[in-house]
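Asks: When you get a sec, could you give me coordinates for this:
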Amino acid sequence: QVQLVESGGGLVQPGESLRLSCVGSGILFRVYDMGWYRQAPGKQRELVARITSGGSTNYADSVKGRFTISRDNAKNMVYLQMDSLRPEDTAVYYCNAYHSRAYNYWGKGTLVTVSS
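Replies: Numbering: from 1, shown residues only. Now for the predicted structure:
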């Protein structure tokens, strides 16, 4: 059974940092492209950051220079370091593992709230 479990969300003030973690099980983690997506209230889910199985990364323009995605294949973990958080970063953040359309998995999400 495939599981992706996110952790690290919470309530922070603008300008502060959070580190999200996602642990995967039931998949050959190292061959999957891993991503972080987010969905704010009333909005569609959007890509935040992605790291390929080869280690290449890409980011949404809105988070470039503030967020960093990384992975540790030995631990089946993917991380999202979020710095200089803004109120508009408030959303539920989801971990995604993608290999192909048939092998595309999601976690249940972790809530990040940025508010003073």
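
Asks: Need the contact partners of stretch 24-40.
Replies: Applying CB atoms under 8 Å, 6 or more residues apart in numbering, the external contacts of stretch 24-40 come out as 1-4, 20, 22, 45-53, 69, 71, 73, 76-78, 80, 88-99, 103, 105, 109, 112. C-beta here means a position set from N, CA and C on the backbone, and glycine is covered the same way.

Asks: gap between it and the chain center?
Replies: Stretch 24-40 sits 8 Å away from the centroid of its parent chain (CA atoms, centre = their mean, to the nearest Å).

Asks: before we move on, the earlier item: just the buried subset of the contacts of stretch 24-40, please.
Replies: By neighbour count, with 16 or more other CB atoms under 10 Å, the contacts of stretch 24-40 hold 4, 20, 22, 48-51, 53, 69, 71, 73, 76-78, 80, 89-98, 105, 109, 112 as buried.

Asks: The residue nearest to the spatial centre of the chain and W106, how far apart?
Replies: Among the residues of the chain, the one closest to the centroid is W36, at 2.6 Å (CA atoms, centre = their mean). Note on W36: its distance to W106, by CB to CB, to the nearest Å, is 11 Å.

Asks: can you map out the strands along the chain?
Replies: Under the criterion DSSP state E, the chain carries strands at the ranges 3-7, 10-12, 18-25, 33-39, 46-51, 57-59, 67-72, 77-82, 91-100, 103-106, 110-114.

Asks: so V2 touches W106, yeah?
Replies: No: look at V2 against W106 with CB atoms under 8 Å: they stay out of range, at 9.6 Å.
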